[in-house]
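Visitor: could you look at this predicted model? Sequence included:
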Amino acid sequence: MSDALSDAGSDVNQDDAQEDVMTPAELIAKLEEAWLNEKFSPELLENKSEVVECVMEQLSHMDANLQRVKKGDAKASIHRMEIDRIRFVLSSYLRSRLRKIEKFFPHVLEREKSRGEGDPSLLSPEEFAFAKEYYANTETYLKAVALKRMPPNLQTVDMLKAVPEPCLDSFVFLRVKDRQENILVEPETDDQREYVVDLEEGSQHLMRYRTIAPLVSSGAVQLI
Amino acid sequence: MFCEKAIELIRELHRMSDGQLPAFNEDVLRQVLQEMEALYEQNQTDVNEAKAGRAELIPSIKLRHCCLLRNQRCLTAYLYDRLLRIRALRWEYGSVLPANVRFHMCAEEVQWISQYKKSLASFMRSLGGGEGLDITQDMKPPKSLYIEVRCLKDHGEFEIDDGTVILLKKNSQHFLPRWKCEQLIRQGVLEHVMS
(Lines give C-alpha, C1' and ligand atoms only; values in the text may rest on other atoms or scores of the structure.)
Protein backbone atom coordinates (compact mmCIF):
# COMPACT_ATOMS: atom_id res chain seq x y z
CA MET A 1 0.00 0.00 0.00
CA SER A 2 2.75 2.41 0.93
CA ASP A 3 4.37 1.86 -2.47
CA ALA A 4 1.21 2.72 -4.25
CA LEU A 5 0.80 5.77 -2.07
CA SER A 6 4.26 7.15 -2.63
CA ASP A 7 3.88 6.55 -6.35
CA ALA A 8 1.14 9.04 -6.96
CA GLY A 9 1.60 10.98 -3.75
CA SER A 10 5.21 12.03 -4.27
CA ASP A 11 4.38 13.39 -7.70
CA VAL A 12 1.67 15.60 -6.42
CA ASN A 13 3.63 16.72 -3.39
CA GLN A 14 6.76 17.59 -5.35
CA ASP A 15 4.84 19.81 -7.67
CA ASP A 16 3.04 21.40 -4.78
CA ALA A 17 6.31 22.21 -3.06
CA GLN A 18 7.53 24.29 -5.99
CA GLU A 19 5.30 27.10 -4.83
CA ASP A 20 7.90 29.09 -2.90
CA VAL A 21 5.85 31.85 -1.29
CA MET A 22 3.07 29.68 0.04
CA THR A 23 2.67 25.98 0.64
CA PRO A 24 -0.42 24.38 -0.90
CA ALA A 25 -1.87 23.80 2.55
CA GLU A 26 -1.56 27.51 3.32
CA LEU A 27 -3.08 28.34 -0.02
CA ILE A 28 -6.11 26.16 0.58
CA ALA A 29 -6.46 27.63 4.07
CA LYS A 30 -6.43 31.09 2.50
CA LEU A 31 -9.08 30.06 0.03
CA GLU A 32 -11.28 28.62 2.74
CA GLU A 33 -10.89 31.75 4.82
CA ALA A 34 -11.88 33.95 1.89
CA TRP A 35 -14.74 31.62 1.05
CA LEU A 36 -16.27 31.65 4.54
CA ASN A 37 -15.86 35.42 4.89
CA GLU A 38 -17.49 36.01 1.54
CA LYS A 39 -20.27 33.56 2.28
CA PHE A 40 -21.29 35.15 5.55
CA SER A 41 -20.63 38.84 5.08
CA PRO A 42 -23.58 40.89 3.83
CA GLU A 43 -21.45 43.04 1.53
CA LEU A 44 -18.95 42.27 -1.18
CA LEU A 45 -15.38 41.93 0.13
CA GLU A 46 -12.13 42.71 -1.57
CA ASN A 47 -11.30 40.34 -4.41
CA LYS A 48 -8.68 37.65 -3.90
CA SER A 49 -7.88 36.98 -7.51
CA GLU A 50 -4.29 35.97 -6.79
CA VAL A 51 -5.54 33.18 -4.51
CA VAL A 52 -8.07 32.11 -7.14
CA GLU A 53 -5.38 32.01 -9.79
CA CYS A 54 -2.99 30.00 -7.64
CA VAL A 55 -5.67 27.50 -6.73
CA MET A 56 -6.66 27.09 -10.37
CA GLU A 57 -3.05 26.45 -11.22
CA GLN A 58 -2.74 23.86 -8.46
CA LEU A 59 -5.89 22.14 -9.66
CA SER A 60 -4.63 21.77 -13.20
CA HIS A 61 -1.26 20.52 -11.84
CA MET A 62 -2.97 17.89 -9.76
CA ASP A 63 -5.20 16.98 -12.66
CA ALA A 64 -2.24 16.56 -14.98
CA ASN A 65 -0.48 14.38 -12.40
CA LEU A 66 -3.53 12.22 -12.02
CA GLN A 67 -3.65 11.58 -15.75
CA ARG A 68 -0.30 9.83 -15.44
CA VAL A 69 -1.39 7.51 -12.65
CA LYS A 70 -2.49 4.11 -13.85
CA LYS A 71 -6.06 2.97 -13.60
CA GLY A 72 -7.41 1.45 -10.44
CA ASP A 73 -4.90 3.09 -8.14
CA ALA A 74 -6.45 3.65 -4.75
CA LYS A 75 -4.47 6.82 -4.22
CA ALA A 76 -5.78 8.32 -7.45
CA SER A 77 -9.38 8.33 -6.37
CA ILE A 78 -8.48 9.96 -3.07
CA HIS A 79 -6.69 12.72 -4.94
CA ARG A 80 -9.55 13.01 -7.39
CA MET A 81 -11.89 13.49 -4.42
CA GLU A 82 -9.61 16.18 -3.04
CA ILE A 83 -9.66 18.01 -6.38
CA ASP A 84 -13.43 17.84 -6.39
CA ARG A 85 -13.59 19.32 -2.91
CA ILE A 86 -11.24 22.17 -3.70
CA ARG A 87 -13.08 22.92 -6.91
CA PHE A 88 -16.34 23.05 -5.01
CA VAL A 89 -14.96 25.58 -2.53
CA LEU A 90 -13.51 27.67 -5.33
CA SER A 91 -16.73 27.63 -7.37
CA SER A 92 -18.83 28.36 -4.35
CA TYR A 93 -16.60 31.31 -3.47
CA LEU A 94 -16.84 32.80 -6.94
CA ARG A 95 -20.56 32.11 -7.06
CA SER A 96 -21.29 33.95 -3.86
CA ARG A 97 -19.29 36.93 -5.10
CA LEU A 98 -21.12 36.97 -8.39
CA ARG A 99 -24.42 36.66 -6.56
CA LYS A 100 -23.62 39.76 -4.52
CA ILE A 101 -22.44 41.67 -7.56
CA GLU A 102 -25.74 40.95 -9.27
CA LYS A 103 -27.75 41.78 -6.20
CA PHE A 104 -26.08 45.10 -5.45
CA PHE A 105 -24.74 45.99 -8.89
CA PRO A 106 -25.33 49.78 -8.83
CA HIS A 107 -23.70 50.11 -5.41
CA VAL A 108 -20.78 47.91 -6.32
CA LEU A 109 -20.11 49.97 -9.43
CA GLU A 110 -20.54 53.20 -7.52
CA ARG A 111 -17.93 52.15 -4.98
CA GLU A 112 -15.63 51.18 -7.78
CA LYS A 113 -16.05 54.63 -9.31
CA SER A 114 -15.53 56.57 -6.10
CA ARG A 115 -12.49 54.55 -5.08
CA GLY A 116 -9.37 56.64 -4.90
CA GLU A 117 -6.24 56.19 -6.97
CA GLY A 118 -4.15 53.36 -5.57
CA ASP A 119 -6.86 51.90 -3.36
CA PRO A 120 -7.29 48.19 -3.94
CA SER A 121 -10.26 47.38 -6.13
CA LEU A 122 -13.15 45.36 -4.73
CA LEU A 123 -13.69 43.69 -8.06
CA SER A 124 -11.34 41.65 -10.14
CA PRO A 125 -11.11 42.85 -13.74
CA GLU A 126 -13.36 40.01 -14.87
CA GLU A 127 -15.93 40.80 -12.21
CA PHE A 128 -15.83 44.46 -13.11
CA ALA A 129 -16.52 43.64 -16.75
CA PHE A 130 -19.36 41.39 -15.71
CA ALA A 131 -20.91 44.02 -13.42
CA LYS A 132 -20.75 46.68 -16.13
CA GLU A 133 -22.37 44.39 -18.66
CA TYR A 134 -25.03 43.38 -16.18
CA TYR A 135 -25.84 47.01 -15.45
CA ALA A 136 -26.02 48.01 -19.11
CA ASN A 137 -28.03 44.96 -20.03
CA THR A 138 -30.60 45.46 -17.30
CA GLU A 139 -30.91 49.15 -18.00
CA THR A 140 -31.43 48.56 -21.71
CA TYR A 141 -34.04 45.98 -20.93
CA LEU A 142 -36.05 48.19 -18.58
CA LYS A 143 -35.90 51.03 -21.07
CA ALA A 144 -37.02 48.90 -23.99
CA VAL A 145 -39.95 47.24 -22.25
CA ALA A 146 -41.42 49.95 -20.08
CA LEU A 147 -39.52 53.15 -19.45
CA LYS A 148 -39.48 54.52 -22.96
CA ARG A 149 -43.25 54.06 -23.10
CA MET A 150 -43.77 56.17 -19.97
CA PRO A 151 -44.39 59.92 -19.79
CA PRO A 152 -41.25 61.96 -20.57
CA ASN A 153 -40.49 62.93 -16.96
CA LEU A 154 -40.52 59.29 -15.81
CA GLN A 155 -38.24 57.67 -18.32
CA THR A 156 -35.30 57.18 -16.02
CA VAL A 157 -34.91 55.15 -12.86
CA ASP A 158 -32.22 55.94 -10.34
CA MET A 159 -30.69 52.49 -9.99
CA LEU A 160 -28.82 53.47 -6.85
CA LYS A 161 -32.10 54.22 -5.12
CA ALA A 162 -34.11 51.44 -6.72
CA VAL A 163 -31.81 48.56 -5.86
CA PRO A 164 -31.49 47.81 -2.13
CA GLU A 165 -28.15 48.33 -0.43
CA PRO A 166 -26.43 45.54 1.48
CA CYS A 167 -27.62 45.48 5.08
CA LEU A 168 -24.50 46.13 7.12
CA ASP A 169 -26.44 45.92 10.37
CA SER A 170 -27.09 42.22 10.02
CA PHE A 171 -25.51 40.00 12.64
CA VAL A 172 -22.65 37.63 11.91
CA PHE A 173 -20.85 34.92 13.84
CA LEU A 174 -17.13 35.36 14.08
CA ARG A 175 -14.01 33.82 15.55
CA VAL A 176 -11.17 36.05 16.66
CA LYS A 177 -7.76 35.29 15.19
CA ASP A 178 -5.75 38.18 16.64
CA ARG A 179 -6.61 39.71 19.98
CA GLN A 180 -8.42 43.05 19.62
CA GLU A 181 -8.84 45.71 22.25
CA ASN A 182 -11.34 48.49 22.65
CA ILE A 183 -13.82 47.65 19.93
CA LEU A 184 -16.56 50.25 20.06
CA VAL A 185 -20.03 48.71 19.90
CA GLU A 186 -22.66 51.23 18.89
CA PRO A 187 -26.06 51.16 20.59
CA GLU A 188 -28.84 49.22 18.91
CA THR A 189 -31.75 51.02 20.48
CA ASP A 190 -32.12 54.50 21.91
CA ASP A 191 -32.09 53.43 25.54
CA GLN A 192 -28.78 51.62 25.18
CA ARG A 193 -25.42 53.26 25.38
CA GLU A 194 -22.31 52.51 23.39
CA TYR A 195 -19.63 50.43 25.04
CA VAL A 196 -16.27 48.89 24.28
CA VAL A 197 -15.31 45.24 24.24
CA ASP A 198 -12.06 43.34 24.04
CA LEU A 199 -12.01 40.37 21.71
CA GLU A 200 -9.85 37.55 23.04
CA GLU A 201 -7.97 35.38 20.61
CA GLY A 202 -9.91 32.21 19.77
CA SER A 203 -13.17 33.45 21.26
CA GLN A 204 -16.39 33.46 19.25
CA HIS A 205 -18.96 36.21 19.07
CA LEU A 206 -22.21 37.23 17.47
CA MET A 207 -21.99 40.88 16.47
CA ARG A 208 -23.26 43.36 13.98
CA TYR A 209 -21.28 43.24 10.76
CA ARG A 210 -20.80 47.01 10.67
CA THR A 211 -18.85 46.92 13.94
CA ILE A 212 -16.25 44.43 12.80
CA ALA A 213 -16.18 45.05 9.04
CA PRO A 214 -12.64 46.53 9.12
CA LEU A 215 -11.40 43.53 11.12
CA VAL A 216 -12.78 41.13 8.52
CA SER A 217 -10.92 42.82 5.72
CA SER A 218 -7.70 43.02 7.75
CA GLY A 219 -8.02 39.32 8.51
CA ALA A 220 -8.07 39.74 12.30
CA VAL A 221 -11.37 37.92 12.62
CA GLN A 222 -12.91 35.09 10.65
CA LEU A 223 -16.62 34.87 9.93
CA ILE A 224 -18.10 31.47 10.70
CA MET B 1 -58.76 53.66 -8.26
CA PHE B 2 -55.35 54.44 -9.66
CA CYS B 3 -52.48 51.97 -9.54
CA GLU B 4 -54.72 48.95 -9.09
CA LYS B 5 -53.57 47.35 -12.32
CA ALA B 6 -49.94 47.75 -11.33
CA ILE B 7 -50.56 46.06 -8.01
CA GLU B 8 -52.23 43.24 -9.91
CA LEU B 9 -48.96 42.56 -11.69
CA ILE B 10 -47.05 42.45 -8.43
CA ARG B 11 -49.65 40.14 -6.88
CA GLU B 12 -49.43 37.83 -9.83
CA LEU B 13 -45.72 37.28 -9.20
CA HIS B 14 -46.24 37.10 -5.47
CA ARG B 15 -48.77 34.28 -5.82
CA MET B 16 -46.34 32.18 -7.86
CA SER B 17 -44.00 30.19 -5.70
CA ASP B 18 -40.31 30.93 -6.03
CA GLY B 19 -38.63 29.86 -9.21
CA GLN B 20 -41.77 29.76 -11.32
CA LEU B 21 -42.22 32.09 -14.23
CA PRO B 22 -45.75 33.15 -15.17
CA ALA B 23 -46.50 34.27 -18.72
CA PHE B 24 -45.45 37.82 -19.52
CA ASN B 25 -48.50 39.97 -18.88
CA GLU B 26 -48.26 42.37 -21.79
CA ASP B 27 -51.98 43.17 -21.51
CA VAL B 28 -51.94 44.58 -18.01
CA LEU B 29 -48.59 46.22 -18.64
CA ARG B 30 -50.13 48.15 -21.50
CA GLN B 31 -53.14 49.12 -19.38
CA VAL B 32 -50.86 50.52 -16.70
CA LEU B 33 -48.94 52.50 -19.29
CA GLN B 34 -52.20 53.88 -20.66
CA GLU B 35 -53.26 54.89 -17.16
CA MET B 36 -49.94 56.65 -16.74
CA GLU B 37 -50.38 58.48 -20.00
CA ALA B 38 -53.86 59.65 -19.02
CA LEU B 39 -52.63 60.80 -15.61
CA TYR B 40 -49.77 62.65 -17.23
CA GLU B 41 -52.00 64.46 -19.70
CA GLN B 42 -54.46 65.51 -17.01
CA ASN B 43 -51.56 66.79 -14.98
CA GLN B 44 -50.21 68.77 -17.92
CA THR B 45 -53.51 70.60 -18.42
CA ASP B 46 -53.94 71.16 -14.68
CA VAL B 47 -50.41 72.46 -14.31
CA ASN B 48 -51.10 75.04 -16.99
CA GLU B 49 -54.28 76.12 -15.25
CA ALA B 50 -52.57 76.22 -11.87
CA LYS B 51 -49.93 78.48 -13.33
CA ALA B 52 -52.75 80.71 -14.51
CA GLY B 53 -53.81 81.16 -10.90
CA ARG B 54 -55.98 78.22 -9.92
CA ALA B 55 -53.98 77.12 -6.87
CA GLU B 56 -56.69 74.71 -5.68
CA LEU B 57 -55.57 72.28 -8.38
CA ILE B 58 -52.18 71.70 -6.80
CA PRO B 59 -53.19 68.87 -4.41
CA SER B 60 -54.73 66.82 -7.21
CA ILE B 61 -51.64 67.35 -9.33
CA LYS B 62 -49.55 66.04 -6.47
CA LEU B 63 -51.79 63.02 -6.04
CA ARG B 64 -51.57 62.15 -9.71
CA HIS B 65 -47.83 62.53 -9.64
CA CYS B 66 -47.57 60.12 -6.72
CA CYS B 67 -49.68 57.63 -8.64
CA LEU B 68 -47.39 58.01 -11.61
CA LEU B 69 -44.34 57.32 -9.47
CA ARG B 70 -46.00 54.34 -7.88
CA ASN B 71 -46.95 52.91 -11.25
CA GLN B 72 -43.42 53.35 -12.47
CA ARG B 73 -42.05 51.65 -9.43
CA CYS B 74 -44.47 48.72 -9.62
CA LEU B 75 -43.73 48.13 -13.28
CA THR B 76 -39.98 48.14 -12.82
CA ALA B 77 -40.34 45.86 -9.81
CA TYR B 78 -42.44 43.46 -11.87
CA LEU B 79 -39.95 43.42 -14.71
CA TYR B 80 -36.90 43.14 -12.47
CA ASP B 81 -38.34 40.30 -10.44
CA ARG B 82 -39.04 38.42 -13.64
CA LEU B 83 -35.42 38.89 -14.68
CA LEU B 84 -34.25 37.42 -11.39
CA ARG B 85 -36.47 34.40 -11.92
CA ILE B 86 -35.18 33.90 -15.43
CA ARG B 87 -31.63 34.22 -14.15
CA ALA B 88 -32.28 31.54 -11.54
CA LEU B 89 -33.53 29.25 -14.30
CA ARG B 90 -30.29 29.77 -16.21
CA TRP B 91 -28.35 28.51 -13.23
CA GLU B 92 -30.66 25.58 -12.75
CA TYR B 93 -31.09 24.30 -16.31
CA GLY B 94 -27.82 25.29 -17.91
CA SER B 95 -27.49 27.47 -20.96
CA VAL B 96 -30.48 26.05 -22.83
CA LEU B 97 -33.76 27.00 -21.20
CA PRO B 98 -36.67 24.56 -21.47
CA ALA B 99 -39.25 25.39 -24.15
CA ASN B 100 -42.11 26.02 -21.73
CA VAL B 101 -40.05 28.68 -19.96
CA ARG B 102 -39.08 30.41 -23.19
CA PHE B 103 -42.73 30.36 -24.18
CA HIS B 104 -43.52 32.55 -21.16
CA MET B 105 -40.86 35.14 -21.90
CA CYS B 106 -41.21 38.28 -23.99
CA ALA B 107 -38.77 39.11 -26.77
CA GLU B 108 -36.80 41.60 -24.66
CA GLU B 109 -36.43 39.08 -21.88
CA VAL B 110 -35.02 36.57 -24.34
CA GLN B 111 -32.54 39.22 -25.37
CA TRP B 112 -31.64 39.99 -21.77
CA ILE B 113 -30.99 36.38 -20.88
CA SER B 114 -28.88 35.75 -23.96
CA GLN B 115 -26.76 38.78 -23.06
CA TYR B 116 -26.57 37.55 -19.48
CA LYS B 117 -25.46 34.14 -20.68
CA LYS B 118 -22.75 35.79 -22.76
CA SER B 119 -21.48 37.87 -19.84
CA LEU B 120 -21.48 34.86 -17.56
CA ALA B 121 -19.71 32.70 -20.12
CA SER B 122 -16.97 35.25 -20.75
CA PHE B 123 -16.59 35.72 -16.99
CA MET B 124 -16.14 32.00 -16.47
CA ARG B 125 -13.78 31.67 -19.41
CA SER B 126 -11.51 34.40 -18.11
CA LEU B 127 -11.13 32.91 -14.63
CA GLY B 128 -7.73 31.92 -13.35
CA GLY B 129 -5.67 33.61 -16.02
CA GLY B 130 -7.59 32.34 -19.01
CA GLU B 131 -8.03 28.70 -18.13
CA GLY B 132 -11.69 29.00 -17.32
CA LEU B 133 -13.83 27.29 -14.72
CA ASP B 134 -17.49 26.40 -14.97
CA ILE B 135 -18.90 27.73 -11.72
CA THR B 136 -22.40 26.56 -12.51
CA GLN B 137 -21.12 23.07 -11.74
CA ASP B 138 -20.28 21.76 -8.26
CA MET B 139 -23.34 23.30 -6.68
CA LYS B 140 -23.30 20.95 -3.70
CA PRO B 141 -20.33 19.82 -1.61
CA PRO B 142 -19.11 16.51 -3.03
CA LYS B 143 -19.76 13.48 -0.84
CA SER B 144 -18.42 10.71 -3.01
CA LEU B 145 -16.68 10.34 -6.34
CA TYR B 146 -19.12 8.03 -8.00
CA ILE B 147 -22.86 7.99 -7.72
CA GLU B 148 -25.53 5.57 -8.79
CA VAL B 149 -27.80 7.08 -11.43
CA ARG B 150 -30.81 5.87 -13.35
CA CYS B 151 -31.67 7.09 -16.84
CA LEU B 152 -35.08 8.66 -17.12
CA LYS B 153 -35.00 9.11 -20.88
CA ASP B 154 -32.91 8.05 -23.85
CA HIS B 155 -29.93 10.35 -24.11
CA GLY B 156 -27.60 8.51 -26.47
CA GLU B 157 -23.90 7.96 -26.00
CA PHE B 158 -21.99 9.68 -23.25
CA GLU B 159 -18.25 9.82 -22.82
CA ILE B 160 -16.66 9.90 -19.41
CA ASP B 161 -13.22 11.26 -18.54
CA ASP B 162 -11.15 8.15 -19.13
CA GLY B 163 -12.55 7.75 -22.62
CA THR B 164 -15.09 5.04 -21.96
CA VAL B 165 -18.30 5.59 -23.86
CA ILE B 166 -21.50 4.42 -22.30
CA LEU B 167 -24.99 4.32 -23.73
CA LEU B 168 -27.57 6.18 -21.69
CA LYS B 169 -30.78 4.25 -22.33
CA LYS B 170 -34.05 4.76 -20.56
CA ASN B 171 -34.30 2.81 -17.30
CA SER B 172 -30.69 1.67 -17.41
CA GLN B 173 -28.66 2.16 -14.26
CA HIS B 174 -25.04 3.33 -14.12
CA PHE B 175 -22.29 4.03 -11.64
CA LEU B 176 -20.72 7.28 -12.88
CA PRO B 177 -18.38 10.05 -11.75
CA ARG B 178 -20.48 12.65 -9.98
CA TRP B 179 -18.94 15.68 -11.67
CA LYS B 180 -19.97 14.40 -15.09
CA CYS B 181 -23.58 13.76 -14.11
CA GLU B 182 -24.50 16.89 -12.22
CA GLN B 183 -25.79 18.79 -15.23
CA LEU B 184 -27.70 15.81 -16.60
CA ILE B 185 -29.38 15.27 -13.26
CA ARG B 186 -30.53 18.88 -13.19
CA GLN B 187 -31.81 18.56 -16.74
CA GLY B 188 -33.85 15.56 -15.69
CA VAL B 189 -32.05 13.05 -17.92
CA LEU B 190 -30.58 11.16 -14.99
CA GLU B 191 -31.89 10.51 -11.53
CA HIS B 192 -29.66 10.07 -8.53
CA VAL B 193 -30.51 6.72 -6.96
CA MET B 194 -30.17 6.83 -3.21
CA SER B 195 -29.39 3.46 -1.73
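Guide: Now that the structure is in, tell me what you want to look at.

Visitor: so the residue nearest to B:His104 when sequence neighbours are not counted, which of the three states?
Guide: Of all residues not flanking B:His104 in the chain, B:Ala23 sits nearest, at 4.6 Å (Cβ to Cβ, 6 or more residues apart in numbering or on different chains). (Each C-beta comes from the backbone N, C-alpha and C, glycine too.) Following DSSP: H, G, I helix; E, B strand; the rest coil, B:Ala23 is assigned to coil.

Visitor: so what's the residue count around residue 107?
Guide: Because you didn't say which chain, this covers chain A. Using other Cβ atoms under 10 Å in any protein chain shown, A:His107 has 19 other residues around it.

Visitor: my question was about chain B, not that one.
Guide: Number of residues near B:Ala107 (other Cβ under 10 Å) recorded here: 10.

Visitor: residues contacting it?
Guide: With contacts taken as Cβ atoms under 8 Å, 6 or more residues apart in numbering or on different chains, B:Ala107 has no neighbouring residues.

Visitor: how much space between B:Ala88 and chain A?
Guide: As judged by Cβ to the nearest Cβ, to the nearest Å, B:Ala88 and chain A stand 11 Å apart.

Visitor: that residue touches B:Gly19, doesn't it?
Guide: Yes. Counting by Cβ atoms under 8 Å, B:Gly19 is a contact partner of B:Ala88 at 5.9 Å.

Visitor: who has more neighbours, the two?
Guide: Shown here are B:Ala88 and B:Gly19; by other Cβ under 10 Å, B:Ala88 has more neighbours (13 against 9).

Visitor: could I get the pLDDT score of that one?
Guide: Per-residue pLDDT puts B:Ala88 at 89.

Visitor: assign a three-state SS to it, would you?
Guide: Criterion first, three-state DSSP; result for B:Ala88: helix.

Visitor: so in chain B, where's the weakest helix or strand by average pLDDT?
Guide: Counting by mean pLDDT, DSSP states H and E, chain B has its least confident helix or strand at helix B:127-130, which shows a mean of 68.

Visitor: and whichever strand or helix holds A:Glu57, which residues are buried?
Guide: According to DSSP states H and E, A:Glu57 maps onto helix A:49-68. By neighbour count on 16 or more other Cβ atoms under 10 Å in any protein chain shown, the buried set for helix A:49-68 is A:49, A:51-56, A:58-59, A:61-62, A:65-66.

Visitor: pull out the buried positions in the helix or strand following it.
Guide: Following helix A:49-68 in sequence order, the next helix or strand is helix A:74-103 (DSSP H and E). Across helix A:74-103, burial judged by 16+ other Cβ under 10 Å covers A:75-77, A:79-80, A:83-84, A:86-98, A:100-102.

Visitor: what of stretch A:118-132?
Guide: Here stretch A:118-132 shows A:Leu122, A:Leu123, A:Ser124, A:Glu126, A:Glu127, A:Phe128, A:Phe130, A:Ala131 as buried, counting by 16+ other Cβ under 10 Å.

Visitor: out of these, who's near chain B?
Guide: Applying Cβ under 8 Å from any Cβ of the partner chain to the buried residues of stretch A:118-132, one finds that A:Glu126, A:Glu127, A:Phe130 fall near chain B.

Visitor: including pLDDT, could the residues you listed go into JSON lines?
Guide: JSON lines is the format used below for those (pLDDT from 0 to 100):
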{"residue": "A:Glu126", "pLDDT": "87"}
{"residue": "A:Glu127", "pLDDT": "89"}
{"residue": "A:Phe130", "pLDDT": "91"}
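
Visitor: closest to B:Gly163 out of the residues you listed?
Guide: Nearest to B:Gly163 among those, counting by Cβ to Cβ, is A:Glu126 at 32.4 Å.

Visitor: hmm, the closest one is touching B:Gly132, no?
Guide: No. Counting by Cβ under 8 Å, A:Glu126 stays clear of B:Gly132, with 10.7 Å between them.

Visitor: if I look at those two, which residues touch both of them?
Guide: In contact with both A:Glu126 and B:Gly132: B:Ser126, using Cβ under 8 Å, 6+ apart.

Visitor: any low-confidence regions in chain B?
Guide: Filtered on pLDDT under 70, chain B yields the residue ranges B:128-131, B:161-162, B:195.

Visitor: now for the helix or strand following the least confident helix or strand of chain B, which elements pack on it?
Guide: With elements assigned by DSSP H and E, the helix or strand that comes after helix B:127-130 is strand B:146-151. Packing contacts for strand B:146-151, counted by 3 or more Cβ pairs under 8 Å, 6 or more residues apart in numbering or on different chains; DSSP states H and E, involve strand B:173-177, helix B:178-187, strand B:190-192.

Visitor: just send the ones you listed back as CSV, with distance to chain A and mean neighbour count too.
Guide: CSV is the format used below for the helices and strands packed on strand B:146-151 (distance: least, Cβ to the nearest Cβ, whole Å; neighbours: other Cβ atoms under 10 Å in any protein chain shown):
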stretch, distance to chain A, mean neighbour count
strand B:173-177, 8, 15
helix B:178-187, 6, 18
strand B:190-192, 16, 17
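
Visitor: can you put these in CSV and add distance to B:Leu145?
Guide: As requested, the helices and strands packed on strand B:146-151 are arranged in CSV below (distance: least, Cβ to Cβ, whole Å):
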stretch, distance to B:Leu145
strand B:173-177, 6
helix B:178-187, 6
strand B:190-192, 14
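
Visitor: nearest to B:Cys106, of these?
Guide: For B:Cys106, the closest of the helices and strands packed on strand B:146-151 is helix B:178-187, at 24.5 Å, according to Cβ to Cβ.

Visitor: which other residues reach that closest one?
Guide: Contact with helix B:178-187 is made by A:84, B:92-94, B:137-139, B:142, B:144-147, B:149, B:155, B:158, B:160-161, B:190-192, as judged by Cβ under 8 Å, 6+ apart.

Visitor: repeat that for stretch A:144-152.
Guide: Defining contact as Cβ under 8 Å, 6+ apart, one finds that stretch A:144-152 is touched by A:154-157, B:29, B:33, B:36-37, B:39-40, B:68, B:72, B:75-76, B:79, B:106, B:108.

Visitor: cheers, nothing more for now.
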